[in-house]
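>>> Pasting a predicted model and its sequence here:
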Amino acid sequence: MDTQKMLSRRRFLQVSGLATSAALLAACPAPAAAPADTGGDGDAMMETKKLEAWSRMTDLAQESIKEIIDIYNEQNTMGVELEFVYIAQTQGSQADEKLLTAVAGGTPPALHYADRFTVPQFAHEGFFTDITDFAEAAGVTKELYFDFAWDETVYKGGIYALSFDTDTRALWYNMDIMDEAGVDSSSPPTNLEELMAVTEALTVRDDTGAITRYGFNPIYDQAWLYTWGFGFGGSFQDDDRRITFAHPQNIEAMQFVKSFIDEIGVEDIDAMLAACAGGNCRGENDYFWTGQSAMTCSGNWKVAQHHRYKPDTNYGVVPMPGPDGPAPGASWAGGWSWAVPFGYDDVEAAFDACFYLCGPEGQLKYNKDTFHIPTIKSAAEDPFFSEDPLHAVFMELLPVSHARPPIPLGSKLWDLQVKAFRDEIPHGLKTPEEALTDIDEEINAGLEEIGFFS
Amino acid sequence: MATTVVTEGLQRRRLSQGTRHTINGLLFASPWIFGLLAFWIYPTLASAYYSFTKYNGVRDPVWTGIANYVELFTSDGEFLDAVYNTVYFAVVSIPLAIIFAFGLALMLNAKIRAQVVYRTIYFLPTLVPEVALALVWVFIFTPHSGLIAAPFRAFGSRGPCWLTCAEWARPTLVLLALWIIGQQIILYLAGLQDVPQDLYDAADVDGANFFTKFLNVTVPILTPVIFFHLVTSVIGALNFFAIPYIMTGGTGFPANSTLFYSIYLYKNAFHYLEMGYASAMAWLLFMFTLFVTLFIWRSARWWVFYAGGEE
């Protein structure tokens, strides 16, 4: 009983109060960029403010961006230190719950690495900061960038991100496999008929008929609905900015893809995609690098992977084959950007870092390290990007490449087109016309609802 | 100073010992109470409010009444697919899990050599994190080239299409869910060791065979364990997320057959920034789970037997 009295409320409150005070003191952050002691050497005593740059980059890209950040930290005059922080992100729709919750909670990072086609959506939803004033003061103008890259970073007249890199798409083929299979590697397929014939010639099946080496998978890697649609001369947005997936040429393209899949066997196509679920075919595990696929539609970043993973194997790159011959226009340019998330308190410092990463110096280093293409026109003219014969093909495709429609429902649209392209059409759940019309109806209704067309 | 002491003394006298203990108890529990209010009650109530709004997580919510609920039931085909898949999974996987866990526990309860080793082996899968498990399953269940296809190949067959066709996708996930029943086996084992030997002896005297003893002694004594397993499994099955999300990338392919309720809820919240819509889904799931749990709870009086005699 006495012992209980010893644990009186007063004693408990005293101890709790002490513990809480200690915890609060410990949790108190030092003031950001606190002014130095006036009596000492100002620069030496200045406390460095830490900025975080959140990104999903791994492997080569992460190595490069960390080096760029180190250079920025050495030379920036803002008294800040930028730090790379890896965050996981959903592939495809690029959903990013960590960023969303951080912004909602009022603790966003200084910079966020954003797939450029999602910028209008995040801008519309209020997750990115309008950096127009800072960009204009720094001399950022539309003329410096490729049009498609600029358009994706601008929403309702405001700049919400600075573009970082771009890419194009073409047909990669493994020349060693072609030679081994008796297919002339010096004359890769130029039209769809040849593509189907070479695919068949390079495909290897086991006793059960299951494919053990794919000639080509028409819905793997970068062979997306966009790629085939553009290759057939289709378009995905009209002059009124309405989505037009059910464009006649897109429907024709999907009819071809369906027949191509049926020719190969939808079970085998599915088996390859299933094996790659959960990111199992990233990097060096890609079917193309493991030799399980002889051809693939992919981008210029594969040049860097080729140098790292398979330097001794011979590969070739040509524009995607089209219905009547080579279809360089099948290529579309994607790419990423850096944005300042909404609610970050020191936009000036964040923009300074963003401007360096996305400026000529940052872009050149990153794009050279990883074999992407700068979005700053003058930087893209650097002879380096055409020195590698494989990368030179991608550079030639840049002027004729298309871009995905920049709309504020980018993630929804991406999910819907993946569903149509990899599920509904291949499995015959819908005809190409039905599947594509459904996309248009759902997205245009959504855009109408948020006043996108007004 | 003297006045303060007198006043405190009077107050202390006025408070009964029980009241003082209550206050002390509340003070000690206050950090937890604060946590409950701030991180559970407030978000739950806020989510109820958001379910009647259009809200993206950042901008101010806009009141839309019951529009989210109406849309869910009238014009969202994917929602109905998700409900069907989730209910299918619960209805098929839970009875199977109970049968398998109970059956394996019976076998592991047998007094055989290396009993502990067998028990450990059956518990091991439970220790592997779901994410790692799902990634390994992707390799194993890949049609044609996966490990599970090897015996079929030996017979010149391609084997089932597993997760790549709608007919097999749901049963495959049920099969995979049965892999992680180690904890339930332990519960049944504990229950089995609690069955009084004298009941078996009495049954022996009455000439009961193995099956009669199993049905009339073992099962009734283990009904509280079955009850616990059933309730927790229902809650778990209705929230099935990680494994299908990783194995299919959350796409729901093929033909929405792997689109589970929690996956669709997550997609609405974080892919499409429809937090209000997702909140409405969360509340429907909560109400449904509550209803099913209460139903099982009420039904317990008819089939759950407590050896102590209560209920």
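Perfect, I can see it now.

>>> Give the rounded mean pLDDT of stretch A:327-337.
For stretch A:327-337, mean pLDDT is 96.

>>> And it, end to end?
One end of stretch A:327-337 sits 28 Å from the other (CA to CA, to the nearest Å).

>>> so how far is it from its chain's centroid?
12 Å (CA atoms, centre = their mean, to the nearest Å).

>>> how many neighbours does residue 218 have?
If you meant another chain, say so; for now it's chain A. For residue A:218, the neighbour count with other CB atoms under 10 Å in any protein chain shown is 23. For every residue, glycine as well, the C-beta is placed using N, CA and C.

>>> actually it's chain B I care about, not the one you picked
Neighbour count for residue B:218, taken as other CB under 10 Å: 19.

>>> Identify the residues contacting the closest residue in space to it that isn't next to it in sequence.
Leaving out its chain neighbours, the residue that sits closest to residue B:218 by CB to CB, 6 or more residues apart in numbering or on different chains is residue B:195, at 6.0 Å. Applying CB atoms under 8 Å, 6 or more residues apart in numbering or on different chains, one finds that residue B:195 lies in contact with B:217-218, B:221-222.

>>> can you rerun that using 10 Å?
B:109, B:213, B:217-222, B:307 (CB atoms under 10 Å, 6 or more residues apart in numbering or on different chains).

>>> Can you show me the helices along the stretch 151-300 of chain B?
B:166-177, B:182-192, B:197-205, B:210-213, B:219-238, B:242-248, B:261-266, B:275-303 (DSSP state H, counting those that start in this stretch).

>>> Export those to JSON lines and append columns for distance to residue A:68, mean neighbour count and mean pLDDT.
As requested, the helices of the stretch 151-300 of chain B are arranged in JSON lines below (distance: least, CB to CB, whole Å; neighbours: other CB atoms under 10 Å in any protein chain shown; pLDDT from 0 to 100):
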{"stretch": "helix B:166-177", "distance to residue A:68": "43", "mean neighbour count": "20", "mean pLDDT": "93"}
{"stretch": "helix B:182-192", "distance to residue A:68": "47", "mean neighbour count": "19", "mean pLDDT": "94"}
{"stretch": "helix B:197-205", "distance to residue A:68": "73", "mean neighbour count": "12", "mean pLDDT": "94"}
{"stretch": "helix B:210-213", "distance to residue A:68": "73", "mean neighbour count": "12", "mean pLDDT": "93"}
{"stretch": "helix B:219-238", "distance to residue A:68": "45", "mean neighbour count": "18", "mean pLDDT": "96"}
{"stretch": "helix B:242-248", "distance to residue A:68": "32", "mean neighbour count": "22", "mean pLDDT": "91"}
{"stretch": "helix B:261-266", "distance to residue A:68": "33", "mean neighbour count": "22", "mean pLDDT": "96"}
{"stretch": "helix B:275-303", "distance to residue A:68": "35", "mean neighbour count": "16", "mean pLDDT": "97"}
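
>>> Which one of the ones you listed lies nearest to chain A?
helix B:242-248 (5.0 Å; CB to the nearest CB).

>>> what about that closest one and chain A, touching?
Yes. Looking at helix B:242-248 against chain A by CB under 10 Å from any CB of the partner chain, the contacts come from B:245-248.

>>> and that helix, C-alpha only, in CSV?
Extracted as CSV, the C-alpha positions of helix B:242-248 are listed here (Å, rounded to 0.1, in the frame of the first residue of the first chain):
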residue,chain,number,x,y,z
ALA,B,242,0.0,-8.3,-50.6
ILE,B,243,0.3,-11.6,-52.4
PRO,B,244,-2.0,-10.9,-55.4
TYR,B,245,-0.7,-7.3,-55.6
ILE,B,246,2.9,-8.5,-56.0
MET,B,247,2.2,-11.4,-58.2
THR,B,248,0.1,-9.5,-60.7
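
>>> For it, which helices and strands make contact with it?
helix A:266-275, helix B:130-140, helix B:166-177, helix B:261-266 (3 or more CB pairs under 10 Å, 6 or more residues apart in numbering or on different chains; DSSP states H and E).

>>> next one: it to chain centre, how far?
Using CA atoms, centre = their mean, the distance between the centre of helix B:242-248 and that of its chain works out at 16 Å.

>>> In chain B, which residue is most central in space?
For chain B, residue B:236 is the residue whose C-alpha lies nearest the centre (CA atoms, centre = their mean; 1.7 Å).

>>> How about stretch A:300-309, which residues are buried there?
Residues A:300-306, A:309 are the ones in stretch A:300-309 that count as buried (16 or more other CB atoms under 10 Å in any protein chain shown).

>>> same thing with stretch A:311-327?
A:315-322, A:326-327.

>>> OK, contacts around residue B:112?
Residue B:112 sits in contact with residue B:118, where contact means CB under 10 Å, 6+ apart.

>>> how's the chain carved up into domains?
Just going to use chain A. A:49-167+A:334-395, A:169-332+A:409-449 (automatic domain parsing).

>>> actually it's chain B I care about, not the one you picked
B:16-44, B:71-303.

>>> so can I have TSV of the helices of the stretch 151-300 of chain B showing distance to residue B:31?
Output for those, formatted as TSV (distance: least, CB to CB, whole Å):
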stretch	distance to residue B:31
helix B:166-177	37
helix B:182-192	29
helix B:197-205	46
helix B:210-213	51
helix B:219-238	27
helix B:242-248	30
helix B:261-266	30
helix B:275-303	26
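
>>> circling back to that earlier point, looking at the helices and strands packed on helix B:242-248, which is nearest to residue A:138?
helix B:261-266 (38.4 Å; CB to CB).

>>> check whether that closest one contacts chain A.
Yes. Contact of helix B:261-266 with chain A (CB under 10 Å from any CB) involves residue B:266.

>>> Would you mind writing the CA trace of that helix as PDB?
Taking C-alpha atoms only, helix B:261-266 is exported to PDB below (Å, rounded to 0.1, in the frame of the first residue of the first chain):
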ATOM      1  CA  TYR B 261     -11.300  -5.500 -52.800                       C
ATOM      2  CA  SER B 262      -8.200  -4.100 -51.000                       C
ATOM      3  CA  ILE B 263      -6.300  -3.800 -54.300                       C
ATOM      4  CA  TYR B 264      -9.100  -1.900 -55.900                       C
ATOM      5  CA  LEU B 265      -9.400   0.300 -52.900                       C
ATOM      6  CA  TYR B 266      -5.700   1.000 -52.900                       C
END
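
>>> And the contacts of that helix?
A:90, A:95, A:97, B:76, B:78-79, B:81-87, B:89-90, B:237-242, B:244-245, B:248, B:250-252, B:256, B:260, B:274, B:277-282, B:284-285, B:288.
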